[in-house]
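Asker: sequence and computational prediction follow.
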Amino acid sequence: MRVERSRRDLETANRVRRTVADSARLPAPLTVEAAVSGVMCVLSERLTAGEATDLFSSVPLAIASMFSRCELHRKFMPTSKMDRAELLTRVADHLGVTPAHAELVCSAVFTAVRAELPADVVMTVAAQLPHGIKELWLGPPTSAPDLDVEIPPEEARHAMESDLTRRAKLPPHVTPDAAFAAVMCCFARRLSGGETRHVVLGLPASLRALIERCSVHRERPAIFGRDELIREVGDHLIITDPDDIERILLEVLRSAKRVLPQKTIAEVGSQLPLDLRELWTKALPPHEA
């Protein structure tokens, strides 16, 4: 009987490891165990202490060691009010990946862990989560074979600067950082305050620093279209040729979409008028263009 239990435990642990390893595209230094622990620790902060304890006590013993640190950590913290964007940012910072990659990792971990839990525990956890996180917790595994998630977060700014230098044909007086900040801040004015916050949080810290000054304290978006956006970016960068401005605008949006979570990309598009949505769709990330 003990041999049979050991065999089942090994199968359970291997099943979880395989699901995460196959779907999460973890960078070489990051182990499956560290990914599972990091994601579930952050999720537990969104639950009450009692519900977090119930969740961890329901986990099979075969994988319980991955959660021991989370349980101790959670006992001394108040319940967080984080939404999906903040959860992904926290996971990204904890694991050393971009928020876009964190979305993939969370989906893989939630799929693996959920499969080993009783159905009533899964639904009790879901009942405590806001819509965006609940969707991630209950949803099918994210499949993103073309997602360029492997870029390390500390290299995201260098990648943006390299892309803009190579492709945007910036005039001598405009740096890549200035172009990125001007385009993203002007573009963000067309989004609601909540969605602007999601965009800011969805960027790696090195890029986030360039646009944190963009206002996220408003709820209603400004009303303008493609031509107005081009004029406003041109005024910020002191460029007059609309074709030059649009080329820079597209390259900045491409660089941003390269590292933003897929849900954020979709939600941004849903808030835009047709002419700006076409521009947003046209801005394929560099690895897809």
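Answerer: Done, it's in. Numbering: from 1, shown residues only.
Asker: list the buried ones in stretch 226-245?
Answerer: Residues 226, 228-230, 232-234, 236-237, 239, 244-245 are the ones in stretch 226-245 that count as buried (16 or more other C-beta atoms under 10 Å). C-beta: built from backbone N, CA, C; applies to glycine.
Asker: ranges for the strands of this structure?
Answerer: Listed in chain order, the strands found in the chain under DSSP state E amount to none.
Asker: got any ranges where this structure has weak pLDDT?
Answerer: Per-residue confidence for the chain (pLDDT under 70) gives these ranges: 1-7, 9, 75, 143-150, 215-219, 285-289.
Asker: okay, which residue is most central for it?
Answerer: The centre of the chain sits closest to Pro99, judged by C-alpha atoms, centre = their mean, with a distance of 3.1 Å.
Asker: how's the protein carved up into domains?
Answerer: With automatic domain parsing as the criterion, the domains of the chain are listed as 2-138, 153-282.
Asker: how far away from the center of its chain is the longest one?
Answerer: The chain centroid and the centroid of domain 2-138 are separated by 16 Å under C-alpha atoms, centre = their mean, to the nearest Å.
Asker: that older thread, could I get the buried residues of stretch 226-245 as CSV with distance to Gly202?
Answerer: Supplementary listing: the buried residues of stretch 226-245 in CSV, determined by distance: C-beta to C-beta, whole Å:
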residue, distance to Gly202
Arg226, 23
Glu228, 24
Leu229, 20
Ile230, 24
Glu232, 22
Val233, 21
Gly234, 26
His236, 22
Leu237, 24
Ile239, 27
Asp244, 28
Ile245, 24
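Asker: list just the nearest of the residues you listed to Ile133.
Answerer: Each of the buried residues of stretch 226-245 was checked against Ile133 using C-beta to C-beta; the closest is Leu229, at 31.7 Å.
Asker: follow-up on the earlier one: the residue nearest to the centre of the chain is in contact with Leu201, isn't it?
Answerer: Yes: distance between Pro99 and Leu201: 6.8 Å, which falls inside the contact criterion (C-beta atoms under 8 Å).
Asker: overlap in contacts of those two?
Answerer: With contacts defined as C-beta atoms under 8 Å, 6 or more residues apart in numbering, the residues shared by Pro99 and Leu201 are 85, 88-89.
Asker: most neighbours, which of these?
Answerer: Taking other C-beta atoms under 10 Å as the neighbour criterion, Leu88 ranks highest of the shared contacts of Pro99 and Leu201 with 31 neighbours.
Asker: Cys106 is in contact with that one, correct?
Answerer: Yes: judged on C-beta under 8 Å, Leu88 makes contact with Cys106 at a distance of 6.8 Å.
Asker: only C-alpha atoms, please: export stretch 236-244 in CSV.
Answerer: Once non-C-alpha atoms are left out, stretch 236-244 reads as follows in CSV (Å, rounded to 0.1, in the frame of the first residue of the first chain):
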residue,chain,number,x,y,z
HIS,A,236,5.4,66.4,-28.5
LEU,A,237,8.3,65.3,-30.7
ILE,A,238,8.6,68.5,-32.8
ILE,A,239,8.1,66.5,-36.1
THR,A,240,5.8,67.9,-38.8
ASP,A,241,5.7,65.1,-41.5
PRO,A,242,2.6,62.9,-40.8
ASP,A,243,4.3,59.9,-42.5
ASP,A,244,7.3,60.2,-40.3
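Asker: show me what that stretch is in contact with.
Answerer: The contact list for stretch 236-244 (C-beta under 8 Å, 6+ apart) reads 169, 171, 173-174, 178-179, 182, 185-186, 230, 233-234, 245, 248.
Asker: what do you get for stretch 47-63?
Answerer: With C-beta under 8 Å, 6+ apart as the criterion, stretch 47-63 contacts 8-10, 12-13, 16, 36, 44, 64, 67, 70-71, 74-75, 77, 79, 113, 116-118, 121, 124-125, 128-129.
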